[in-house]
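K.L.:
sharing a model prediction with you, sequence too.
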Amino acid sequence: MPRPRIRPRIRLRTAVLGAGAAVLVRRAVRRRIQAAPLWPMPTLEEPVSGQGRRASTTPRRVLVTERTTPAEGVVQLRLEGTGLPAWSPGAHLDLVLPSGLVRQYSLCGDPAETDTYTVAARVLEDGRGGSLEVREQLHEGTELEIRGPRNRFPLVDAPAYAFVAGGIGITPVLPMVRAAHAAGADWRLLYCGRSRAAMPFLDELEKLGADGDRVTVVAEDTDGLPGLGFLTGLPEGTEVYCCGPDGLMAAVTTALGGEPRLERFTAAPREGGGAFEVELRRSGVAVRVAADRSVLAAVREEVPHVSYSCEQGFCGTCRQRVLDGEIDHRDELLTDDERHDSMLICVSRCRGERLVLDL
């Protein structure tokens with residue numbers, strides 16, 4: 001049986017009625033929103049959580065093509081990929097490990113190799129698990145995600161350099177020494193470690209410094225603690241770079257009588273700061289942050305899925321946009337521009353009594 005034809009007039013009437021119903025629904029929804037206690041809501045972009053669109057945080061896939069042991073307890077990885085961003089001495093990478101942990105490792109290869117990154121990690125048996133995972137899970141043929149590179153420890157132009165490195169702190173310093181040597185700059189290096197067997201890249205560094213006695217190696221098991229007296233008589237304009245344990249960096253700062261350029265592997269110790277309130281604007285709740293708790297810990301009670309990883313202010317995974325309030329920045333990652341309106345909630349706090357997060 002043929003289906004009855006629908007007259008054009010009926011089709012038009014149906015379309016008009018449908019459109020009218022849609023308008024009524026939108027008006028009703030608008031009235032309901034406007035009656036809500038948080039109206040008017042600000043027009044906001046997507047929240048920031050360490051996964052921004054900047055080149056430094058864009059995820060990329062690389063392949064482990066070589067794994068070596070340059071010293072006792074140290075794993076070195078050669079990572080290859082296509083379209084890898086350029087980097088300069090002092091830069092580091094975020095490695096997203098198979099478990100999802102994010103850890104930062106300084107680049108210690110050659111910036112001229114545009115399709116390769118090289119990193120090295122000291123394996124800590126009593127650490128937080130990242131270096132153990134590097135040792136146990138990252139082998140030749142393993143594919144993994146990286147983010148970066150970033151550089152908050154750049155090598156600036158200077159007529160002379162003094163480098164001080166402790167243990168695995170040699171990784172960001174090694175490319176600096178190579179660059180200073182290639183440029184013909186006046187430089188010297190003090191390299192400290194528990195023993196020569198545990199100090200990576202010794203052979204290369206001693207060869208670089210062979211002309212002019214530029215490199216001093218202090219192995220604590222045979223030489224004791226390093227002397228820092230040379231820092232008091234440096235030529236004018238010398239830039240001092242230091243990376244290593246907190247005790248070494250504090251000693252260098254004291255001996256120099258000023259602030260050298262430092263690269264930390266753990267968050268700088270910071271004391272002080274009281275309790276304050278954090279409003280989570282998108283969630284419509286407020287949380288109290290006690291003096292002995294992090295913003296991250298307090299926020300997770302209300303928003304348990306919030307992203308985080310290192311909990312030391314290095315990886316940027318927990319970065320959130322701040323809509324209001326004065327931030328007490330305690331991270332080692334964000335640039336000055338980024339600090340205007342965002343914070344890493346794992347370590348940073350509030351200078352006043354209240355912060356408002358876009359969360």
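P.N.:
Here it is on my side, so go on.
K.L.:
now the helices: where do they sit in the stretch 251-359 of the chain?
P.N.:
When assigned using DSSP state H, counting those that start in this stretch, the helices of the stretch 251-359 of the chain occupy the ranges 295-302.
K.L.:
contacting residues around the strand ranked longest in the chain?
P.N.:
Residue-count comparison of every strand in the chain, with assignments taken from DSSP state E, identifies strand 60-71 as the longest. Under the contact criterion Cβ atoms under 8 Å, 6 or more residues apart in numbering, strand 60-71 has outside partners 75-81, 83-84, 117, 120, 138-147, 197-202. Every residue, glycine included, has its C-beta placed from N, CA and C.
K.L.:
now Leu124, nearest residue through space, not along the chain?
P.N.:
Nearest residue to Leu124, sequence neighbours excluded (Cβ to Cβ, 6 or more residues apart in numbering): Ser131, at 5.0 Å.
K.L.:
which strands and helices sit next to the helix or strand harbouring the one you found?
P.N.:
Assigned by DSSP states H and E, Ser131 belongs to helix 130-137. With contacts defined as 3 or more Cβ pairs under 8 Å, 6 or more residues apart in numbering; DSSP states H and E, the packing partners of helix 130-137 are strand 74-80, strand 102-106, strand 116-122.
K.L.:
pick the most buried one from these.
P.N.:
strand 102-106 (a mean of 24; mean count of other Cβ atoms under 10 Å).
K.L.:
partner strands of it and their direction?
P.N.:
strand 92-96 (antiparallel) (DSSP bridges).
K.L.:
how about the strand it pairs with as PDB, C-alpha atoms only?
P.N.:
C-alpha atoms of strand 92-96 as PDB (Å, rounded to 0.1, in the frame of the first residue of the first chain):
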ATOM      1  CA  HIS A  92      65.500  18.300  30.800                       C
ATOM      2  CA  LEU A  93      62.800  15.900  29.600                       C
ATOM      3  CA  ASP A  94      59.700  14.500  31.200                       C
ATOM      4  CA  LEU A  95      59.600  10.700  30.800                       C
ATOM      5  CA  VAL A  96      56.200   9.100  31.200                       C
END
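K.L.:
can you check what angle separates it from strand 74-80?
P.N.:
Orientation note: strand 92-96 sits at an angle of 90 degrees relative to strand 74-80 (axes from the mean of the first three to the mean of the last three Cα atoms, to 10 degrees).
K.L.:
now strand 92-96: mean pLDDT?
P.N.:
On average, the pLDDT along strand 92-96 is 92.
K.L.:
so, low pLDDT: which residues of the chain?
P.N.:
Under the criterion pLDDT under 70, the flagged ranges of the chain are 1-57, 266-272.
K.L.:
wait, doesn't Cys243 sit right on Leu262?
P.N.:
Yes - using Cβ atoms under 8 Å, Cys243 makes contact with Leu262 at a distance of 7.1 Å.
K.L.:
what's the overlap in contacts for those two?
P.N.:
Counting by Cβ under 8 Å, 6+ apart, the contacts common to Cys243 and Leu262 are Phe153, Met249.
K.L.:
more crowded one of those two?
P.N.:
Set side by side, Cys243 and Leu262 give different neighbour counts by other Cβ atoms under 10 Å, the larger being at Cys243 (28 against 21).
K.L.:
which residues does the helix holding Ser131 contact?
P.N.:
75, 77, 95, 97-99, 101, 103, 121-125.
K.L.:
strands of the stretch 251-359 of the chain, residue ranges please.
P.N.:
Counting by DSSP state E, counting those that start in this stretch, the stretch 251-359 of the chain has these strands, from start to end: 261-263, 276-280, 285-289, 319-324, 327-328, 342-344, 349-350, 354-357.
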